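Student: I'd like to go over a predicted model; first the sequence, then the structure.
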Amino acid sequence: MEVRLVVEEQYQNQQLLLTRHLSDSIERSLNEKVLLLEVIAKKDTGVPPDNFTSDLKSVYDVASMFYVVEYVSEDGTIVSGYPEEYVPAGLNLYEENQYRAFERIRETGEVYITEPLKLMEGNYGSFIWVPVYEGGEFRGAFIAIIRESDLKSRYVVESNSSSYVYLLDERGRLLFDGSGDFERGADYTELLTSVSPDLLNIVSEQVNGTEGSGKYLVLDNGTIFEERLVSYSPINWYNQKWSIAITSPSSEVDRLIVSVYLKLFIVVAVSVLFIVFVSSFIVVILFNWSKNLEKEVDDKTQELKESNESLRAANKKLKELDRLKTEFLSIVSHELKTPLTAMKTSSEFLREDDTCDVSLRRQMLDIIIRNIDRQSRMVDDLLDVSRIESNRMRFHRDPVDIENTIKISLEVLDSIIREKNMTLLVEVPDDFPLINTDKDKLVQVFVNLLNNAVKFSKNNGKVTITVEDDNDSVKVSVSDNGIGMGPDELERIFDKFYQIDSTSTRKVGGTGLGLSIVKGIVEGQGGTITARSELGKGSTFVFILKKENN
């Protein structure tokens, strides 16, 4: 018995929440519909030339629940509305003796909702009257109709169960009866006197606008037919006070209890079966788990081995980088110290011997200037490497004549080329198209490649520059017949700070940054660069750039 009381209480609480949600939804929706009319009624811009026709159409479309919306002028004549086929345009409320609500809102200035009235097609609907003012002066009213059938279809869901919804007004008259047992408009309190006296107290609470739950007995010729549970909640719509209720037979509680016990039985049965089956397979599961654990341990062990190998490789690379850094610092120190020594020596000579002739003085100054230029180039190289590493190198692309760029690059190296008596061969097709690139950076690429080609070639050597048209790209090769490189050196030739370490090449000096900068410039514009070489037979560097680089 206690179980049934608890379930019944929970059931009624849930039913009350459902009733409250239904009443709140209806009340909020109805008030929102009226608010749409109040918004345009309170615009102090006067009656528009079309007598609110466009406004009423917009309200009708937005509300989506009005049967019709009309505007009545201050003399009581319906002058506009939407949809037009439902609007009795030209009808005067005073002539048709339908002016009472109109006079009421004129006097009070407040919205007025009529009780549901019978419409011409037989349905019932509530009339919404909203006064229209201009500058504080009454200019007419809006009339909107919400049919009960539309309200019912939107908020009351038909059900095959014995639960149903009914709706009362503040005088206890029936506005809607989901059971179908009573006619609309009947006095519910009189109908229930013989059917269910206990329900009279509940209806009395509804008429007073309260919210709650209860239960009552339904009699049939003095005999108890059934017990029903009811939950009710008020609907306050301006001057209309309604109460909506949901009623269900108490047998729903018994059915719910049976359903709970049935589900409990099923859970117990399934649990027993589950335990039996699980017990029978537990050994197999543990065995498989053990195997999987062993496999996982093996996998983790392998991962650790691979991780250790990666760490060893990373450590080796760090040591190599540390070696390169040390070597680089040594090279940079040497490269900086050499020009500084020359400049210091020349400066001291000029300071101590102010009687030397103009020719010797000019020679000393040329030495200082050359070494300043050498240091400047070294600093520029270091800055370029830094920009490439941090992805901050910027390219200013313009249409560039590659043949002219090669000519400028050769002029930069003219002195060293003439000093070693090098033979230069430049092969560029006639009328070669312009390429879209950074001219200064392209000169830097050529100068570095040509400088290497000349530097690592013997006197009277030969350098060849070949330019080829490769569809949408340009392919440039810089070849020499110098000392060349072995496979190990070729693999690392584009690394930063890397220099070919041999007696024959070490004397040419340098920081090992030139080719790294060339690679950064070419790849930074979407191109590629490769090298091939053979000891004693020279080297060839090939780079490819797009003709049009967006």
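Tutor: Sure, I can see it. Numbers count the residues shown, from 1 in each chain.
Student: now do the contacts for L91.
Tutor: Going by C-beta atoms under 8 Å, 6 or more residues apart in numbering, L91 touches T77, I78. Heads up, the C-betas are built off the backbone N, CA and C, glycines and all.
Student: got the phi/psi numbers for it?
Tutor: Torsion angles at L91 (phi, psi; degrees, to the nearest 10) stand at phi -70, psi 130.
Student: count of residues packed around R184?
Tutor: Neighbourhood size, R184 [other C-beta atoms under 10 Å]: 14.
Student: ok, R173 next?
Tutor: The burial count assigned to R173 is 17, neighbours taken as other C-beta under 10 Å.
Student: go on, G524?
Tutor: Residues within reach of G524, counting by other C-beta under 10 Å, total 16.
Student: just the C-alpha atoms of stretch 522-541, please, in CSV.
Tutor: Extracted C-alpha coordinates of stretch 522-541, given in CSV (Å, rounded to 0.1, in the frame of the first residue of the first chain):
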residue,chain,number,x,y,z
VAL,A,522,65.1,29.5,-53.8
GLU,A,523,62.8,27.4,-51.6
GLY,A,524,61.3,30.5,-50.0
GLN,A,525,59.9,31.4,-53.5
GLY,A,526,58.5,27.9,-54.1
GLY,A,527,61.5,26.6,-56.1
THR,A,528,64.0,23.8,-55.7
ILE,A,529,67.8,23.5,-55.8
THR,A,530,70.0,20.4,-56.3
ALA,A,531,73.7,19.7,-56.7
ARG,A,532,75.8,17.0,-58.4
SER,A,533,79.6,16.7,-58.3
GLU,A,534,82.5,14.3,-58.8
LEU,A,535,85.9,14.7,-57.2
GLY,A,536,88.4,16.3,-59.6
LYS,A,537,85.8,16.9,-62.3
GLY,A,538,83.8,19.9,-61.0
SER,A,539,80.3,20.6,-59.6
THR,A,540,76.9,21.6,-61.0
PHE,A,541,74.2,23.4,-59.1
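Student: what stretches of the stretch 101-250 of the chain score poorly on pLDDT?
Tutor: 157-161, 189-197, 220-222 (pLDDT under 70).
Student: residue ranges of the helices in it, please?
Tutor: Here the stretch 101-250 of the chain has its helices, by DSSP state H, counting those that start in this stretch, at 148-155, 188-195, 198-207.
Student: put together TSV for the ones you listed, with mean neighbour count on each row.
Tutor: Listed next are the helices of the stretch 101-250 of the chain as TSV, based on neighbours: other C-beta atoms under 10 Å:
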stretch	mean neighbour count
helix 148-155	16
helix 188-195	15
helix 198-207	19
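Student: distance to V165 for those helices - can I get that in a markdown table?
Tutor: Shown next, in a markdown table, are those (distance: least, C-beta to C-beta, whole Å):
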| stretch | distance to V165 |
| --- | --- |
| helix 148-155 | 9 |
| helix 188-195 | 14 |
| helix 198-207 | 13 |
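Student: to L175, which of those lies closest?
Tutor: Among the helices of the stretch 101-250 of the chain, helix 148-155 comes nearest to L175, with 6.9 Å by C-beta to C-beta.
Student: distance from the chain centre to that closest one, please.
Tutor: Averaging C-alpha positions (C-alpha atoms, centre = their mean, to the nearest Å) puts helix 148-155 40 Å from its chain's average.
Student: equivalent analysis for stretch 94-105, please.
Tutor: With C-alpha atoms, centre = their mean as the basis, stretch 94-105 stands 58 Å off its chain's centre.
Student: other residues contacting that stretch?
Tutor: Stretch 94-105 is contacted from outside by V72, D75, G76, L93, V111, Y112, T114, F127, W129, V130, P131, A141, using C-beta under 8 Å, 6+ apart.
Student: and with 6 Å instead?
Tutor: Residues outside stretch 94-105 that contact it (C-beta atoms under 6 Å, 6 or more residues apart in numbering) are G76, L93, Y112, W129, P131, A141.
Student: which of these lies closest to E9?
Tutor: Using C-beta to C-beta, Y112 is the member of these that lies nearest E9, at 41.5 Å.
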